[in-house]
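[1] here is the input, now give the coordinates:
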Amino acid sequence: MLSDETAKAASQCEIIIVQGDLLDRYPVLAASDACVIADLYDPYHLEVLEQSASLAPQRRRATIAASVSAIGSLLARGDLFLDVGGRQRDLWTGALASAGRVNEYTYADSPDLSRLMLTAPFGLNAEAPEPSTSEVLRGVNEGIGNKGISSADIILWWGGGIYPWFDPQTVIRATAALAAEGHPVHLVFAGSRHPNPDVGETPAARAARDFVNENALNEIVTFLDWVPFADLGGYLLEADVMVSAHRDHVETRYSYRTRLLDGLWAGRPTVATGGDDLMSSIAAAGAGIAIAPGDVDGFANALRVLLDESTRERFSSCALAQAKGHTWEVALAPLVEWCRTPRRAPDLVSGVMLAPKNPSALRRSIGSVARRMGLRNKGNSATR
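    Predicted structure coming up:
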């Protein structure tokens with residue numbers, strides 16, 4: 001439960017921003033008269049399908065059901081919904097429609113739903129990353145692989161954790177292929193061990209580490225613990241290419257891979273699995289190369305292209321140019337403007353019942369509308 005102090009503070013707020021299962025855990029927030037902004041940046045009810053795969057069936061079912069319930073609570077109570085745009089906006093539009101929130105009130109308020117939904121993705125610091133006062137990767141031998149990372153190595157940087165929906169083995173195999181050809185490459189995984197002790201090293205991270213050990217690739221692959229954000233800039237600026245890979249599943253299509261923004265911030269080219277809107281935009285801007293899921297040869301070929309320094313510089317220029325459109329000031333501008341004059345959602349204010357309790361009445365209502373629109377049933381389909 002919320003502490004009395006926190007509950008009192010919430011009752012005095014004009015705007016409350018929530019995400020995840022906060023409304024389920026703290027009903028006092030849902031009962032508030034404040035404007036509730038539901039941050040739907042992370043479609044975690046899709047993410048949990050992978051995250052819960054190793055659980056016992058009954059526990060997995062409960063975990064998935066809890067995530068769906070939490071999403072439902074957000075959709076039912078939110079006065080404003082935040083998405084990252086692109087395909088994800090379509091996902092949440094459909095979810096809101098199914099929840100009854102796309103109705104005569106919200107439609108009259110904004111037929112394009114622009115007063116119900118805002119695109120406000122993750123952003124970047126407007127200030128460029130600060131280089132470290134001394135090298136943090138290159139030339140540092142102690143505890144970094146077996147032979148360390150030499151000044152001549154091209155560093156491939158995997159930023160962020162290793163979770164079940166990612167595919168580190170594809171990147172490892174591609175790196176090994178280049179090393180076997182004599183190219184000086186070194187793959188670094190940052191965030192292989194989460195700072196939260198309840199998370200620690202994920203099974204996916206352990207599997208990646210085991211894969212490296214079993215294939216004797218320790219001299220070209222390094223696993224780091226979590227890098228503090230204050231130090232991150234120094235690591236990114238020492239790296240040459242940002243890498244990321246994931247498997248083909250529904251979470252990918254609607255995700256926003258925030259780790260890909262690191263390449264833009266540091267002005268580094270990115271090679272990553274395609275399929276999400278952010279990577280598509282990075283590739284289209286000439287700041288990276290998108291690869292099909294599981295395509296080891298394609299990943300290796302993309303890395304070969306970026307072995308050339310002048311080519312990397314060209315990609316880097318595109319990355320820095322694209323970064324300007326992803327600063328926090330740009331990303332959150334619509335939300336900041338909305339917060340100047342916050343307002344409750346009109347359908348929630350009206351107290352309208354969004355779904356009739358009598359299913360028969362609903363069917364009769366649909367039939368009446370269909371007749372008025374000239375719809376005629378033919379078998380299992382309806383044509384107009």
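[2] assign residue 38 to helix, strand or coil.
    Assigned with DSSP: H, G, I helix; E, B strand; the rest coil, residue 38 falls in the strand class.
[3] distance check, it against residue 23.
    Remark: distance between residue 38 and residue 23 (Cβ to Cβ, to the nearest Å) = 8 Å. For the C-beta atoms, the positions are set from N, CA and C on the backbone; glycine is no exception.
[4] again, but for residue 265
    Taking Cβ to Cβ, one finds residue 265 at 33 Å from residue 23.
[5] residue 243 belongs to a strand?
    Yes: with three-state DSSP as the criterion, residue 243 is assigned to a strand.
[6] what about it, how many residues nearby?
    Burial of residue 243 is recorded as 28 neighbouring residues (other Cβ atoms under 10 Å).
[7] which ones are touching it?
    156, 157, 158, 171, 187, 270, 271, 272, 299, 303 (Cβ atoms under 8 Å, 6 or more residues apart in numbering).
[8] so in that sheet, which strands flank the helix or strand where residue 155 lies, and in what orientation?
    Taking DSSP states H and E as the criterion, residue 155 maps to strand 154-158. Note on strand 154-158: by DSSP bridges, its sheet partners are strand 185-189 (parallel), strand 241-244 (parallel).
[9] list of residues touching the first one?
    Spelled out, that is strand 185-189. Contacts of strand 185-189 (Cβ under 8 Å, 6+ apart): 137, 145, 149, 153-158, 162, 168, 171-172, 175, 178-179, 205, 208, 220-224, 239, 243, 303, 307.
[10] OK, contacts around residue 297?
    Applying Cβ under 8 Å, 6+ apart, the residues near residue 297 are 174, 177.
[11] what of the one 10 residues further on?
    Going by Cβ under 8 Å, 6+ apart, residue 307 touches 154, 178, 183, 185.
[12] by neighbours, which of those residues wins?
    Going by other Cβ under 10 Å, residue 185 tops the contacts of residue 307 with 24 neighbours.
[13] show me what it is bridged to.
    residue 154.
[14] ok, now how distant is it from residue 300?
    10 Å.
[15] between those two, what contacts are shared?
    residue 178.
[16] residue 38 and residue 23: which is more packed in?
    residue 38 (27 against 24).
[17] need the pLDDT of the more buried one.
    For residue 38, the pLDDT comes out at 98.
[18] what do you get for residue 214?
    97.
[19] what about the residue nearest to the spatial centre of the chain, which helix or strand?
    Among the residues of the chain, the one closest to the centroid is residue 256, at 3.3 Å (Cα atoms, centre = their mean). Assigned by DSSP H and E, residue 256 belongs to no helix or strand.
[20] same thing with residue 94?
    Judged by DSSP H and E, residue 94 forms part of helix 86-98.
[21] for that helix, packing partners?
    Applying 3 or more Cβ pairs under 8 Å, 6 or more residues apart in numbering; DSSP states H and E, one finds that helix 86-98 makes contact with helix 57-77, strand 80-83, strand 117-119, helix 250-254, helix 277-284.
[22] buried ones in the shortest one?
    It stands for strand 117-119. 117, 118 (16 or more other Cβ atoms under 10 Å).
[23] check what contacts it and list those residues.
    80-85, 89, 92-93, 96, 334-335, 338.
[24] now swap in the fourth one and tell me
    Among residues not part of helix 250-254, those counted as contacts by Cβ under 8 Å, 6+ apart are 43, 46-47, 49-50, 87-88, 91, 165, 246, 273, 275-276, 293.
[25] and the closest residue to residue 69 other than its chain neighbours, how close does it get to residue 258?
    Among residues not flanking residue 69 along the chain, residue 24 sits closest, at 6.3 Å (Cβ to Cβ, 6 or more residues apart in numbering). According to Cβ to Cβ, residue 24 and residue 258 sit 25 Å apart.
[26] now do the same contact list for residue 239.
    Residue 239 touches 137, 155, 156, 157, 188, 266, 268, counting by Cβ under 8 Å, 6+ apart.
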